[in-house]
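pasting the structure only:
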């Protein structure tokens, strides 16, 4: 299995609070991605990173920010969580755009 | 713009039946990659196969086979002699040949195999 760890695995929080999800990899892969999975939508890209301090927006980036200060860590932050951000969040990595992305086990986030 | 359509939302079969999951894609790029992922009830996403746009050879891996047809923009997945352990959500995905490009996922097909 690709060495990807997401933390926390589960989180319940209240509307308006900040939330940070962490993705940690041990593969030294260049690219890292954050997706959200919602019923009826499949997986949709939030943000991705193509190197340390290099990030770009995805399809559903509103309300989210990311940071990558080290190759191995990619953080996803919800500055002020809303109920519409209740979802399962997946981190993925690969070393080249044409290679398969390998996914972490996901973080289930509930915002009440 | 790229798009992946999995028209079958849910499929139910009985063990040992063959089942085909459909995937239709849209892209204007001439170089692209197609993928299938499996998401079992435990929730993780498992990579199954990658196919590039220049390779239309069908592929077989055990009970799994994939049929790629550029003429119909389809990349269908067949499970032969299905088993209960095949019960999962299956996603078809597309990426184009750009650095760091994300996967464009279909909405998934839920396959239920009963004994």
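On my side now, so go ahead. The structure displayed is predicted, hence computed values, not measured ones.

C-alpha from now on. contacts and neighbour counts both.
Fine.

The helix or strand where residue A:88 lies pairs with which strands, parallel or anti?
Secondary structure from DSSP states H and E places residue A:88 in strand A:87-94. Sheet pairing for strand A:87-94, assigned by DSSP bridges, gives strand A:31-38 (antiparallel), strand A:102-103 (antiparallel), strand A:107-111 (antiparallel).

Just the closest residue of chain B to chain A, please.
residue B:107 (4.1 Å; C-alpha to the nearest C-alpha).

Return the list of strands paired to the lowest-mean-pLDDT helix or strand in chain B, each annotated with direction.
Of all helical and strand segments in chain B, the minimum by mean pLDDT, DSSP states H and E falls on strand B:59-61, at a mean of 87. For strand B:59-61, the paired strands and their directions (DSSP bridges) are strand B:64-69 (antiparallel).

Just want the angle from the helix or strand following the partner strand to strand B:64-69.
Next helix or strand after strand B:64-69 toward the C-terminus (DSSP H and E): strand B:74-79. Counting by axes from the mean of the first three to the mean of the last three C-alpha atoms, to 10 degrees, strand B:74-79 lies at 160 degrees to strand B:64-69.

Need the mean per-residue confidence for strand B:74-79.
Taken as a whole, strand B:74-79 carries a mean pLDDT of 96.

Stretch A:15-33 now?
Averaged across stretch A:15-33, the pLDDT comes to 95.

Can you measure across that stretch, start residue to end residue?
Using C-alpha to C-alpha, to the nearest Å, the end-to-end distance of stretch A:15-33 comes to 25 Å.

from the strands paired with strand A:87-94, which stretch is densest packed?
Mean neighbour counts were taken over the strands paired with strand A:87-94 using mean count of other C-alpha atoms under 10 Å in any protein chain shown, and the top value, a mean of 24, falls to strand A:31-38.

Parallel or antiparallel, which strands does whichever helix or strand comes after that strand pair with?
The C-terminal neighbour of strand A:31-38 among helices and strands, as given by DSSP H and E, is strand A:42-51. Looking at strand A:42-51 with DSSP bridges, its partner strands are strand A:31-38 (antiparallel), strand A:54-57 (antiparallel).

Contacts for strand A:42-51, please.
Residues outside strand A:42-51 that contact it (C-alpha atoms under 8 Å, 6 or more residues apart in numbering or on different chains) are A:30-37, A:55-61, A:64-66, A:68, A:71, A:74, B:91, B:99-100, B:102-108.

OK, now which residue of chain A is nearest to chain B?
residue A:42 (4.1 Å).

That residue: neighbour count?
By other C-alpha atoms under 10 Å in any protein chain shown, 19 other residues sit near residue A:42.

Pull the contacting residues for the residue nearest to the spatial centre of chain A.
Nearest to the geometric centre of chain A sits residue A:34, at 3.0 Å (C-alpha atoms, centre = their mean). Contacts here follow C-alpha under 8 Å, 6+ apart; on that basis residue A:34 touches A:45, A:46, A:47, A:48, A:76, A:89, A:90, A:91, A:92.

So what pairs up with it in the strands?
residue A:47, residue A:91.

For residue B:71, see how far away it is.
Relative to residue B:71, residue A:34 is positioned 33 Å away (C-alpha to C-alpha).

try residue A:65
Residue A:65 sits at a distance of 40 Å from residue B:71 (criterion: C-alpha to C-alpha).

Neighbour count for the two, which is higher?
Using other C-alpha under 10 Å as the criterion, residue A:65 and residue B:71 rank with residue A:65 on top: 17 against 6.

ok, the residue nearest to that one when sequence neighbours are not counted - how many residues close by?
Distances taken as C-alpha to C-alpha, 6 or more residues apart in numbering or on different chains place residue A:77 nearest to residue A:65, at 5.2 Å, with adjacent residues excluded. Residues near residue A:77, counting by other C-alpha under 10 Å, number 16.
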